[in-house]
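Peer 1: following is a predicted model, sequence given first.
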Amino acid sequence: MVVHLKPETESRLQELAATTGRAPDELVEDAMSGYLAELTRLRNTLDGRYDEIKSGRVQPVDGEEAFGRLGQKSENRRRS
């Protein structure tokens with residue numbers, strides 16, 4: 001597989017490889033492996049939450065209402 005990186009990203013990769021003494025392809029493999037594992041965990045979490053909402057075990061919260069609550073909590077903390 002060939003991966004195309006932006007010049008800035010490739011420069012940072014080369015710099016990190018030189019600093020750590022690891023091969024660039026090894027760093028890319030580690031980064032992608034971690035990213036894909038995290039993406040899989042997130043996808044499983046979202047799928048599970050969707051299933052809970054769909055089955056009625058969990059009630060969704062209106063987004064505007066949730067942000068309003070968070071804003072109010074932040075405001076209350078600033079005043080304290």
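Peer 2: Received, thanks.

Peer 1: quick one: find the helix or strand in the chain with the lowest mean pLDDT.
Peer 2: helix 63-79 (a mean of 93; mean pLDDT, DSSP states H and E).

Peer 1: CA atoms only: put it into CSV for me.
Peer 2: What follows is helix 63-79, C-alpha atoms only, in CSV (Å, rounded to 0.1, in the frame of the first residue of the first chain):
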residue,chain,number,x,y,z
GLY,A,63,-29.2,18.7,21.5
GLU,A,64,-30.3,22.3,22.1
GLU,A,65,-31.5,21.4,25.5
ALA,A,66,-28.3,19.6,26.4
PHE,A,67,-26.1,22.5,25.2
GLY,A,68,-28.3,24.9,27.2
ARG,A,69,-27.8,22.9,30.3
LEU,A,70,-24.1,22.8,29.8
GLY,A,71,-24.0,26.6,29.2
GLN,A,72,-26.0,27.2,32.4
LYS,A,73,-23.7,24.9,34.5
SER,A,74,-20.7,26.8,33.1
GLU,A,75,-22.3,30.1,33.9
ASN,A,76,-23.1,29.0,37.4
ARG,A,77,-19.5,27.9,38.0
ARG,A,78,-18.1,31.2,36.8
ARG,A,79,-20.3,33.0,39.3
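
Peer 1: quick one: residue 62 from residue 71, how far?
Peer 2: From residue 62 over to residue 71 the distance is 14 Å, taken as Cβ to Cβ, to the nearest Å. (Glycine included, C-beta is placed from N, CA and C.)

Peer 1: mind giving me the packing neighbours of the helix or strand hosting residue 33?
Peer 2: Using DSSP states H and E, residue 33 falls within helix 24-55. For helix 24-55, the elements it packs on are helix 7-20, judged by 3 or more Cβ pairs under 8 Å, 6 or more residues apart in numbering; DSSP states H and E.

Peer 1: which pLDDT value goes with residue 40?
Peer 2: Residue-level confidence at residue 40 comes out at 98, pLDDT.

Peer 1: other SSEs contacting the least confident helix or strand of the chain?
Peer 2: Of the remaining helices and strands, none touches helix 63-79 by 3+ Cβ pairs under 8 Å, 6+ apart.
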